[in-house]
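Visitor: I'd like to go over a predicted model; first the sequence, then the structure.
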Amino acid sequence: MRTYFIEFSYLLASVFFILGLKGMSHPESAKRGMHLAEIGMLMAIIGTLVHHEIVSFTWIITGLVIGSLVGLAMGVWVPMTAMPQRTALSHAFGAFAAALVGISEFYRTYGSGGHLERITMSALGFEVMLGSLTTTGSLLAFAKLQGLVRGTPMTYKGQNIFNMALLTITVGIFIYLVAVPGSMPLFFAMVGLAFVFGLLLVMPIGSADMPVVMSLLNSYAGLASAATGFVLNNKVLIIAGTLDGFSGFILSILMCRAMNRSMTNVLFGAFGSAATVAGAGTQEGTMREVSMDDVATQLAYAHKVVFVPGYGLATAQAQHAVRELADVLERRGVTVKYGIHPVAGRMPGHMNVLLAEANVPYSSLYELEQINPEFPTTDVAVVVGANDVVNPDARENPSSPIAGMPILDVDRSKSVIVLKRGQGKGFSGLENPLFFKPVTGMLYGDAKDTLTRLVQAVQEA
Ligand code: NAP
């Protein structure tokens, strides 16, 4: 009876996970998808708690309480702007848990003179190797994104060869352990090397590429969990881990596509390093600064305005202010749209999440392919803290490091207003010729502050 209950709750959990993922594939249904996935996780936990092999609940309850408190604190106190590093930390926790389960299974078996079948050892080795490298890789990704260590690529001569050599040795030990299982020192050498490899893998990757790497690490953590499922003969872990593994991998590929870069370039290209940025050349000319009143008048008498948000909107938390300005303009009869680049900000869907939080109607958000043909008929394109995603060099300069990356063609609008604090570069570290074009006016200041003052100025215009 108990076994049936467990199997049934695992089956329900898996169905909820799949429905949850489906829901999260669209911004409108994303919240519902998240809730479905939460129900799935609850079903999986309930199913696991009634397991007949559990002899004491002391450690389980302790873990549940600590985990719930940490999760609650992260949910309540971590701001939206820190979401990428929060995700990196969650991956590190998940991967560490998978690695620890594998290590304890191995230790428990061989410490008591037992033996693991080759197939079990393969799954266990895979789980521990991926879990360990994902732990340290995710922790370094967290430290880079949080600014605890330098976010730019850390490179040295022969780095890729050294990393490949280390990976080969680690995988070599893994294969040996599958063929001749049982050597405790070799097993722990493999664990140690995998921990080191995680750090080395992420070191040459700049913060701008971190979302791609994180979703790749997410994919590894998922595959490690699936392997754990094989070791523990737990079906829900196999299903959830596989879903996680493949969705993470697909997301990494989609992000690479949106930047017109290959996975190899992201992992080994040291994008944003001094060498790649130096190759981009410098920009001639001056930037034209405009006044608040000029911009307010332009906006108030425009027919069509397109807001293009970027990472600066997230740091300034300007989503409510941009919505207020849009409301004021719409009340004056101006048509307002938002152009959303797939990799604007620092994580996929970053802008959608922020604008949804400010109740911007989903029907006002336009994807890159939809909005680009509209720029020539746009009176004012307002760039709110975006830089790389509106850099025309990607379209016009084949020698640019971001050449070929699809961009929002704001420079084809009748007028462009850029809201940013100063001369700061985008995450690629490249200069942006858009800011030097005659059609562009620069309105300096924190995006939230500028937009709030613009609301007032447009009302008075
Ligand atoms: P961006 O190129 O990083 O530029 C952000 C701009 O915002 C900066 O130039 C900065 O200039 C300005 N800014 C910062 N704080 C501000 C504030 N408080 N108020 C006003 N402006 C502020 O951002 P993006 O155009 O969104 O491009 C995203 C980048 O991340 C791309 O290179 C993309 O390839 C990369 N990336 C994203 C993802 C993803 O999933 N979203 C994944 C991988 C890579 P000032 O300092 O002068 O203010």
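Guide: Sure, I can see it.
Visitor: Residue 348 falls within a strand, correct?
Guide: No - membership of residue 348 in a strand is not supported by DSSP: H, G, I helix; E, B strand; the rest coil, which gives coil.
Visitor: burial of it, as a residue count?
Guide: Residue 348 has 19 neighbouring residues, counting by other Cβ atoms under 10 Å. For glycine as for every other residue, the C-beta is placed from the backbone atoms N, C-alpha and C.
Visitor: List the residues that contact it.
Guide: For residue 348, the set of contacting residues under the criterion of Cβ atoms under 8 Å, 6 or more residues apart in numbering consists of 211, 215, 251, 254, 255, 342.
Visitor: Same check on residue 179?
Guide: residue 118.
Visitor: cool, the one 4 residues further on as well?
Guide: Residue 183 makes contacts with residue 177, as judged by Cβ under 8 Å, 6+ apart.
Visitor: which of the contacts of residue 348 are close to the ligand?
Guide: Near the ligand, taking Cβ under 6 Å from any ligand atom as the test, the members of the contacts of residue 348 found are 211, 255.
Visitor: Max pairwise distance over the contacts of residue 348: which two?
Guide: In terms of Cβ to Cβ, the contacts of residue 348 reach their longest pairwise distance at 215 and 342, which sit 13.2 Å apart.
Visitor: Could you name every residue contacting both of those two?
Guide: 255, 348.
Visitor: Comparing those two, which shows the higher neighbour count?
Guide: Each of residue 215 and residue 342 had its neighbours counted (other Cβ under 10 Å), and the higher figure belongs to residue 215 (22 against 19).
Visitor: mind listing what residue 100 touches?
Guide: Contacts here follow Cβ under 8 Å, 6+ apart; on that basis residue 100 touches residue 131.
Visitor: any low-confidence regions in this structure?
Guide: Scanning the chain with the threshold set as pLDDT under 70 gives 208, 269-284.
Visitor: Strands of that one, start to end?
Guide: 304-309, 335-340, 365-367, 380-384, 416-420, 440-444 (DSSP state E).
Visitor: Tell me which of these sits nearest to residue 450.
Guide: In this view, those are compared for proximity to residue 450 by Cβ to Cβ, and strand 416-420 is the closest at 5.1 Å.
Visitor: Could you measure from residue 36 over to the ligand?
Guide: When distances are taken as Cβ to the nearest ligand atom, to the nearest Å, residue 36 and the ligand turn out to be 24 Å apart.
Visitor: Go ahead and confirm that residue touches residue 18.
Guide: No - distance between residue 36 and residue 18: 9.0 Å, which falls outside the contact criterion (Cβ atoms under 8 Å).
Visitor: Mind checking which of those two has more residues around it?
Guide: Neighbours around residue 36 and residue 18, counted as other Cβ under 10 Å, are more numerous at residue 36. The numbers are 21 against 16.
Visitor: Quick check: nearest residue in space to the more buried one, chain neighbours excluded?
Guide: Nearest non-adjacent residue to residue 36, counting by Cβ to Cβ, 6 or more residues apart in numbering: residue 20, 4.0 Å away.
Visitor: go on, residue 445?
Guide: In this structure, residue 445 finds its nearest non-sequential neighbour in residue 421, 6.5 Å apart by Cβ to Cβ, 6+ apart.
Visitor: since we're on that neighbour, how many residues are nearby?
Guide: The burial metric for residue 421, expressed as a neighbour count using other Cβ under 10 Å, is 15.
Visitor: same thing with residue 12?
Guide: Residues contacting residue 12 under the criterion other Cβ under 10 Å number 18.
Visitor: Likewise for residue 399?
Guide: 9.
Visitor: Apart from its neighbours in sequence, what residue is nearest residue 248?
Guide: Distances taken as Cβ to Cβ, 6+ apart place residue 219 nearest to residue 248, at 3.2 Å, with adjacent residues excluded.
Visitor: and that neighbour, how many neighbours does it have?
Guide: Around residue 219 sit 22 other residues, with neighbours defined as other Cβ under 10 Å.
Visitor: what residues are up against it?
Guide: When contacts are counted by Cβ under 8 Å, 6+ apart, residue 219 is found next to 244, 245, 246, 247, 248, 249, 252.
Visitor: Now a PyMOL select for only the buried ones of those residues.
Guide: With 16 or more other Cβ atoms under 10 Å as the burial test, the buried ones among these are selected in PyMOL as follows:
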select buried, resi 244+245+247+248+249+252
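Visitor: Can I get the contacts of residue 219 in CSV including distance to residue 328?
Guide: Shown next, in CSV, are the contacts of residue 219 (distance: Cβ to Cβ, whole Å):
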residue, distance to residue 328
244, 43
245, 47
246, 45
247, 40
248, 41
249, 44
252, 40
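Visitor: In helices only, show me the contacts of residue 219.
Guide: Residues from the contacts of residue 219 lying in helices, with DSSP state H as the criterion: 244, 245, 246, 247, 248, 249, 252.
Visitor: Out of those, flag the one nearest to the ligand.
Guide: When those are compared for distance to the ligand (Cβ to the nearest ligand atom), residue 252 wins out at 9.6 Å.
Visitor: That closest one: what's it in contact with?
Guide: Contacts of residue 252 (Cβ under 8 Å, 6+ apart): 212, 215, 216, 219, 263.
Visitor: Next, count neighbours for the closest residue to the ligand within the stretch 1-150 of the chain.
Guide: Nearest residue of the stretch 1-150 of the chain to the ligand: residue 84, at 8.1 Å (Cβ to the nearest ligand atom). The burial metric for residue 84, expressed as a neighbour count using other Cβ under 10 Å, is 22.
Visitor: Excluding sequence neighbours, find me the nearest residue to residue 402.
Guide: Nearest non-adjacent residue to residue 402 (Cβ to Cβ, 6+ apart): residue 394, at 4.6 Å.
Visitor: I'd guessed that neighbour sits against residue 407; true?
Guide: Yes - under the criterion of Cβ under 8 Å, residue 394 makes contact with residue 407 at 4.7 Å.
Visitor: residues from the stretch 351-461 of the chain in reach of the ligand?
Guide: Taking Cβ under 6 Å from any ligand atom as the criterion, the contact residues of the stretch 351-461 of the chain with the ligand come out as 385-389, 419-428, 446-447.
Visitor: In PyMOL, how would I select the buried members of the residues you listed?
Guide: The command below creates a PyMOL selection of those among these that count as buried (16+ other Cβ under 10 Å):
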select buried, resi 385+386+387+388+389+419+420+426+427+428+446+447
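Visitor: Please narrow the residues of the stretch 351-461 of the chain next to the ligand to those residing in helices.
Guide: Judged by DSSP H, those include residue 447 as members of helices.
Visitor: which parts of stretch 356-374 are buried?
Guide: By 16+ other Cβ under 10 Å, the buried positions in stretch 356-374 come out as 356, 360, 365, 366, 368, 371, 372, 374.
Visitor: For the ligand, state which of the residues you listed is nearest.
Guide: When the buried residues of stretch 356-374 are compared for distance to the ligand, the smallest value, 12.3 Å, is given by residue 368; criterion: Cβ to the nearest ligand atom.
Visitor: residues contacting the closest one?
Guide: Residue 368 sits in contact with 339, 340, 341, 342, 406, 407, 408, where contact means Cβ under 8 Å, 6+ apart.
Visitor: For the second one, give the beta-bridge partners.
Guide: Right, residue 340. As for beta bridges, residue 340 partners with residue 367 under DSSP bridges.
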